[in-house]
Structures are given as C-alpha cells and as structure tokens.
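> need coordinates for the below:
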Amino acid sequence: MPAPATAIALSDREDEETKKAVEDGLIAFNAAVRPNDWRPLTLSVRRDGETEPAGGLAGRTFFGWLFVAYFHLPAGLRGQGLGKELLRHAEDEAPARGRAGASLSTFSFQARGFYERQGYGVFGSIPDFPPGHACFFLSKRLDALPPA
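Sure thing, here's the model as predicted:
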C-alpha cells in the first residue's frame, strides 16, 4: 500500500504552528514513559526602574528534570553573583516540582567554567561546533543520588 501524499515545506522563519504540532506530538508520544509534566520555568531580571527584562533564565521541567534552555545576563549585570543567584532559584524550584536534577548546554566561548563552579559536570560534547569551538552538555543532581 503506498504511503499517503505528503508535502515538506522548508522555511527560514519561526513557525509557531509547526513548533506547536511537533511539541504536542512529542508530549503525547512521550506520555507512554511518563505523564505530561512539561512546565515552563522563567526567571526575569529587570534593572531598577525598567519594565523590560534585561536578561534571565528560561527553561522547562519535564521527565523529572529541569532543562535550562536559555540563560543570559548583559555584561553590566555579570560578575556580581546575579547569575549564580538565578541558577540557584531555578535549582530550588526544580525539587519543588519533583525534579531530581538539571541539565543544560553551553559553548566553549560561553560559560562552561561558571556552570562547573556551580557543581555541574560535563557528560558529553560536540567538537568543532561551531568550527574552532565545542558544545558541552552538563548536568547536576539536585537530589541525594550520585551522578550516573
């Protein structure tokens, strides 16, 4: 029996409909392993007197873990302990949601050392991504279990 007709469309623009279809499909598929416990986690940083966020942390909790997707502070807000505080807030929220650990990725030209100083360990890497650099994947247990 031939496969049903399909069309594949390539775009260089964000497509919220496609993103939602993929995300909803993955959540439904993954429910066989664990019920949907996908929940956004966002921490915003605003400078005094400003209404727009200057930076922050955005991620999600699911499958018993916190995943940090984005974490950025502008240069003027770095080096004051704010990044450490943001990460700690996210890590404190994760166990409150029943999460055992946290994971994230960073590039060699970004903040690997910062994350390692916060107790994260590298569990994988991709060399030459981007060319001349590397991408590192890090995790940290937030419960009493030792790292795998």
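
> which strand or helix spans Glu24?
Quick fix: residue 24 reads Asp, not Glu. For Asp24, the enclosing helix or strand under DSSP states H and E is helix 16-30.

> what's next to that helix, contact-wise?
Under the contact criterion C-beta atoms under 8 Å, 6 or more residues apart in numbering, helix 16-30 has outside partners Asn36, Trp38, Phe63. In this view, the C-beta of every residue, glycine as well, is placed from N, C-alpha and C.

> wait, the second one sits on Gly59?
No. Here Trp38 does not reach Gly59: they are 11.1 Å apart, not a contact under C-beta atoms under 8 Å.

> and those two? which has more neighbours close in?
Using other C-beta atoms under 10 Å as the criterion, Trp38 and Gly59 rank with Gly59 on top: 22 against 15.

> now do the helices in this protein.
Counting by DSSP state H, residue ranges of the helices within the chain are 16-30, 82-96, 112-117.

> export the ones you listed to JSON lines and append columns for distance to Asp143.
Conversion of the helices of the chain to JSON lines gives the following (distance: least, C-beta to C-beta, whole Å):
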{"stretch": "helix 16-30", "distance to Asp143": "22"}
{"stretch": "helix 82-96", "distance to Asp143": "7"}
{"stretch": "helix 112-117", "distance to Asp143": "18"}
